[in-house]
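**Student:** Any chance you can model this:
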Amino acid sequence: MGIVWFIIIGGIAGWLAGLIMKGRGFGLIGNIVVGVIGAMIGGLLLSSLGAIFQSIGPLVTATIGAIVLLLAISFIKRV
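**Tutor:** Next comes the predicted model:
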């Protein structure tokens, strides 16, 4: 059941990040991919900031990571 929740949270986080960054989503598969990779990035970033941020929920962590991922992708596309 854990992998199902991981995919669901990843999809929602990718969709939210798409809304925040570009004003639209990336489709179901794209949202899941962005959200899952974002969850890993967000986990690394927030765990390195200390224990204060470890109480943030997984959806918020995944969304923050997905936004960082989309920012990095847009920066690379401009270069």
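
**Student:** how close does Lys77 get to Ser48?
**Tutor:** Per CB to CB, to the nearest Å, Lys77 is found 26 Å from Ser48. Quick note: C-beta positions are derived from backbone N, CA and C, even for glycine.

**Student:** And for Met40?
**Tutor:** 13 Å.

**Student:** Could you check which of those two is surrounded by more residues?
**Tutor:** Neighbours were counted for Met40 and for Ser48 using other CB atoms under 10 Å; Met40 has more, 14 against 8.

**Student:** Give me the spatial nearest neighbour of that one, chain neighbours excluded.
**Tutor:** Excluding the flanking residues, the one nearest Met40 by CB to CB, 6 or more residues apart in numbering is Gly65, at 6.7 Å.

**Student:** ok, now which ones touch the one you found?
**Tutor:** 13, 37-45 (CB atoms under 8 Å, 6 or more residues apart in numbering).

**Student:** What helix or strand is it located in?
**Tutor:** In this assignment (DSSP states H and E), Gly65 forms part of helix 58-78.

**Student:** now Ile12
**Tutor:** Element membership for Ile12 (DSSP H and E) is helix 2-22.

**Student:** how far away is Trp5 from Ala39?
**Tutor:** 11 Å.

**Student:** Actually, Ala17.
**Tutor:** 11 Å.

**Student:** Who has more neighbours out of Trp5 and Ala39?
**Tutor:** Between Trp5 and Ala39, counting by other CB under 10 Å, Ala39 is the more crowded of the two (24 against 10).

**Student:** Near the nearest residue to that one once chain neighbours are set aside, how many other residues are there?
**Tutor:** In this structure, Ala39 finds its nearest non-sequential neighbour in Ala62, 3.7 Å apart by CB to CB, 6+ apart. Around Ala62 there are 29 other residues, counting by other CB under 10 Å.

**Student:** contacting residues for Ala62?
**Tutor:** Contacts of Ala62 (CB under 8 Å, 6+ apart): 9-10, 12-13, 35-36, 38-39, 42.
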